[in-house]
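Curious how this folds, go ahead:
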Amino acid sequence: MRIKAVIAYDGSAFYGFQRQTTTPQTVTGTLEKTLRSLQIESTVTGSGRTDRGVHAIGQVIHFDIPSFWERDLAKLKTLLNRKLEAIRFRTLTRAYPMFHARFDAKRRLYRYIFKTTLPTVFERNYIGYFLSYDQKRLREALARFEGEHDFKYFHKSGSQPHSTIRTIYNARSYQIRDLHCITFEANGFLRSQVRMMTQAAMLYAQGLCDMETLKEQLEGKRQHLHTLAPASGLYLAKIYYPLTKE
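Next up is the predicted model:
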């Protein structure tokens, strides 16, 4: 039986989401090891990959379970959460047989959280840090990313996606007390795209680059900005699927 699960995890405990040959300490590797301890030999597929240090509160995964677990999903969820330390199963439900966590997803929402004062030792793995900025300029930069663009200069080198064209449906910023938030909602993201867009937007908001620089890079004319916002502040917040397939 195919299972759809929504999970949260502390990205600072892992070397990224995707399994690696050099270390078992990835989200996928940890999940598969734990499933095997419960006699579930399935691989785990996620809605998307997150970099080392990036967190999730709404990552969606799928895997298959043997028949003896089908009647006790509540117990399976309880046992998984008991065995796991930095990963939490929020929901675990039966999916239709061909459900695919990645290919069926229609929209993805990321949230970047940061402070303009130095995070405490207890916050530094979970909150980004930027110096003071102009909120109006930040909104101007984020608005520039909205729409369909070729983001070939807004992703980490080394990855070779089939296409670098993505549609950003919404990019906004807001503040809750001393926490500043940036959100991006899109049909998909390239490797490290959100961190690179966040860094670029904040550089403009701080007056460290001009709009022409952002425009040239977004139009694929020239790459001016290469750096990434710290991974600590980034959260995969929600994955959207067609209602007819829920």
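
measure the nearest residue in space to residue 167 that is not next to it in sequence to residue 118 for me?
Nearest non-adjacent residue to residue 167, counting by CB to CB, 6 or more residues apart in numbering: residue 148, 4.5 Å away. C-betas here are computed from N, CA, C, even on glycine. Distance, residue 148 to residue 118, by CB to CB, to the nearest Å: 38 Å.

can you check residue 63 too?
Separation of residue 63 from residue 118 (CB to CB): 40 Å.

Compare neighbour counts for those two and give me the winner.
Taking neighbours as other CB atoms under 10 Å, residue 63 and residue 118 compare with residue 63 leading, 21 against 10.

What distance do you get for that one to residue 17?
As defined by CB to CB, residue 63 lies at a distance of 14 Å from residue 17.

cool, and residue 121?
Counting by CB to CB, the gap from residue 121 to residue 17 is 26 Å.

picking up where we left off before, which other helices and strands contact the helix or strand hosting the residue nearest to residue 167?
Per DSSP states H and E: residue 148 is located in strand 147-150. Secondary-structure packing of strand 147-150 (3 or more CB pairs under 8 Å, 6 or more residues apart in numbering; DSSP states H and E): strand 165-176.

what's the spacing between the helix or strand following the strand it packs on and its chain's center?
For strand 165-176, the following helix or strand on the C-terminal side (DSSP H and E) is strand 179-186. Its chain's C-alpha centre and that of strand 179-186 lie 11 Å apart, by CA atoms, centre = their mean, to the nearest Å.

how far is the lengthiest helix in the chain from where the chain is centred?
Longest helix in the chain by number of residues (criterion: DSSP state H): helix 193-205. Per CA atoms, centre = their mean, the displacement of helix 193-205 from the mean C-alpha position of its chain is 15 Å.

can you check stretch 28-46 too?
Relative to its chain's centre, stretch 28-46 lies at 20 Å (CA atoms, centre = their mean).

How about stretch 59-76?
That offset, for stretch 59-76, works out to 24 Å (CA atoms, centre = their mean).

Quick check: end-to-end length of that stretch?
In stretch 59-76, first residue to last residue: 18 Å (CA to CA, to the nearest Å).

Now it: buried residues?
Across stretch 59-76, burial judged by 16 or more other CB atoms under 10 Å covers 59-65, 69, 73, 76.

which two in those residues are spaced the farthest apart?
For the buried residues of stretch 59-76, the farthest-apart pair by CB to CB is 59 and 69; their separation is 21.1 Å.

need the strands for the chain, in chain order.
2-9, 45-46, 55-64, 87-94, 107-115, 128-129, 147-150, 165-176, 179-186, 234-240 (DSSP state E).

Mean pLDDT and distance to residue 81 added to the ones you listed, as TSV?
As requested, the strands of the chain are exported to TSV (pLDDT from 0 to 100; distance: least, CB to CB, whole Å):
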stretch	mean pLDDT	distance to residue 81
strand 2-9	98	10
strand 45-46	98	18
strand 55-64	98	14
strand 87-94	98	5
strand 107-115	98	23
strand 128-129	98	28
strand 147-150	96	40
strand 165-176	97	28
strand 179-186	98	27
strand 234-240	98	19
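
Give me the outermost residue of this structure relative to its centroid.
Using CA atoms, centre = their mean, the residue of the chain lying farthest from its centre is residue 68. It sits 32.8 Å away.
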